[in-house]
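Peer 1: Output the structure for:
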Amino acid sequence: MPQPAKPARLYLRPARDDRDPVWVILHRGVEHSTGARKKDLGQAQEALKEFLASNTEPSFGGGHPHQVLISDVLTHYGDHHGPHTADPERIGYAIDKLVDYWKLDTVAQITPARSEDYVKWRTAQRDARAKKSKGRLISLYTARRELGVLATALQWCFENNKLNRPIAVKLPESSEPREEHLTRSEAAQLLGAALGWYVEKGKIKRDHSRINRHVARFILLGIYTGTRHTAMLRLQWSKNTIGGWIDLRSGVLYRRPQRSTDTKKKRPPLPLPPKLIPHLRRWRKLSARYVIEWNGEPLTGHIRRAWTTTRKLAGLPASITPHILRHTCATWLLQRGVSIYDTAGVLGCSEEVVRRTYGHHAHDNLKTAVAAFSRRA
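Peer 2: Just a heads-up that it's a prediction; the model follows:
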């Protein structure tokens, strides 16, 4: 009977010629370098942990938390459910960071204290995307969202019989709902800057080299439909399995890809606003596949740089991020007397989210209700 293969292990390779002894990883008869010399055992052990984490097939055994690796839970969730989520790229990025931290820890090692340690570890890191500012620190919101991915992965594995019990993950307190939105003059400034217009010494000027028409499309779509910015960047002109699509014949925006399942972040179809339709018809003639594109390619992952350029040209503060378009859509609807129910339908979220985040803008809608006390029976 053949002997079972030995697990990967550290081996101190003896000195060769003029080379010092070094630690290597032996796996199935092959040596893998750790880059650690004899005295650097700790470094070699860390290299072994990383090797095992990246070369171990997900194994759930009996589903007991002491037997299941957190990395296996995340890998299985990412492979089997990640592609069907609203934002697969963001899920994948979060999983990479979570695996970096938890390494070979088991599910049983998830505690409130470890979750707090993760937040401290993550918020001490720099955001590689912020290259011009040499990388701003990762926000508490980002760390919380990543722990949320871990919590969702654990629950999904429990529901699919990979874990024999549910596991709770302590999330840091959420920040207060963001209330900032664009005024109509600020929206006009931003849209004008996307088309190259700016004000200098009290005079209105235009710089054709600074025109970002794709950002102009992004702004109009965001304000008129309240669609999340990642979903806007995937919009196409025909049915597809990558993102949503716009049906100009029926006048409907479908925010969910074909054959995809819905998620907590609802993506319901939305009738196209009449003011937006003429723009869409013109854009259709000027683009190939995507509603927002540059040289025929989608702008996924590249909108922030163009957005920053446009924002600065408009003279608006750094707090004006792409997500503010969704806030602006919701705020303007409520300020115009649209009900919380209908506003939630436009945004594709629950009434509770609208009430909690934007409810203070709906106070005017209650005037009719409270006026009932002043009317005669």
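Peer 1: Quick one: residues in contact with stretch 339-348.
Peer 2: With Cβ atoms under 8 Å, 6 or more residues apart in numbering as the test, stretch 339-348 has contacts from 225-227, 255, 265-268, 270, 326, 329-330, 333-334, 338, 350-351, 353-355, 358-359, 362, 365. The C-beta positions use only the backbone N, C-alpha and C, and glycine is treated the same way.
Peer 1: ok, now with 6 Å
Peer 2: Residues from elsewhere that reach stretch 339-348, judged by Cβ atoms under 6 Å, 6 or more residues apart in numbering: G226, K266, R267, P268, A330, L333, L334, E351, V354, R355, A362.
Peer 1: Would you map the helices across the protein?
Peer 2: Under the criterion DSSP state H, helices of the chain are mapped to 41-54, 70-80, 88-102, 112-123, 140-159, 184-194, 213-225, 229-233, 277-286, 303-314, 324-335, 340-347, 351-358, 367-370.
Peer 1: so what does the fourth one touch, helix or strand wise?
Peer 2: Which is helix 112-123. Packing contacts for helix 112-123, counted by 3 or more Cβ pairs under 6 Å, 6 or more residues apart in numbering; DSSP states H and E, involve helix 140-159.
Peer 1: For T111, the count of nearby residues, please.
Peer 2: 12 (other Cβ atoms under 10 Å).
Peer 1: My error: substitute Y101 in the last question.
Peer 2: A count of nearby residues for Y101, using other Cβ under 10 Å, gives 15.
Peer 1: Name only those of the contacts of stretch 339-348 that count as buried.
Peer 2: For those, a neighbour count by 16 or more other Cβ atoms under 10 Å gives the buried set as G226, R267, A330, L333, L334, V354, A362.
Peer 1: could you redo the contacts of stretch 339-348 as TSV and give each row pLDDT?
Peer 2: Formatted as TSV, the contacts of stretch 339-348 follow (pLDDT from 0 to 100):
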residue	pLDDT
G226	94
K266	61
R267	73
P268	84
A330	93
L333	93
L334	90
E351	89
V354	88
R355	87
A362	63
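Peer 1: residues in contact with the most centrally placed residue in the chain?
Peer 2: With distances taken as Cα atoms, centre = their mean, R90 lies nearest the centre of the chain, 4.1 Å away. Contact analysis of R90 by Cβ under 6 Å, 6+ apart lists nothing.
Peer 1: give me that answer again for 10 Å
Peer 2: Applying Cβ atoms under 10 Å, 6 or more residues apart in numbering to R90 gives the contacts G82, R145, E146, V149, T230.
Peer 1: Include distance to E180 when you put the buried ones among the contacts of stretch 339-348 into a markdown table, please.
Peer 2: Listed next are these as a markdown table, based on distance: Cβ to Cβ, whole Å:
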| residue | distance to E180 |
| --- | --- |
| G226 | 15 |
| R267 | 24 |
| A330 | 12 |
| L333 | 16 |
| L334 | 15 |
| V354 | 16 |
| A362 | 17 |
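Peer 1: Just give the nearest non-adjacent residue to A330, would you?
Peer 2: Spatial nearest neighbour of A330, excluding adjacent residues (Cβ to Cβ, 6 or more residues apart in numbering): Y358 at 4.8 Å.
Peer 1: Count the residues that sit near the one you found.
Peer 2: So Y358, with other Cβ under 10 Å, has 24 neighbours.
Peer 1: Is it in contact with E352, as I believe?
Peer 2: No - Y358 lies out of contact with E352 (Cβ atoms under 10 Å); the separation is 11.4 Å.
Peer 1: Is R234 in contact with Y254, as I believe?
Peer 2: No - at 11.3 Å, R234 does not count as touching Y254 under the criterion of Cβ under 10 Å.
Peer 1: Most widely separated two among the contacts of stretch 339-348?
Peer 2: Maximum pairwise distance among those (Cβ to Cβ): 23.5 Å, between R267 and A362.
Peer 1: And stretch 101-108, end to end?
Peer 2: End-to-end distance for stretch 101-108: 15 Å, by Cα to Cα, to the nearest Å.
Peer 1: how close does R304 sit to T321?
Peer 2: With distances taken as Cβ to Cβ, to the nearest Å, R304 is found 8 Å from T321.
Peer 1: One more: L220?
Peer 2: To T321, L220 is 17 Å away according to Cβ to Cβ.
Peer 1: Brilliant, that's me finished.
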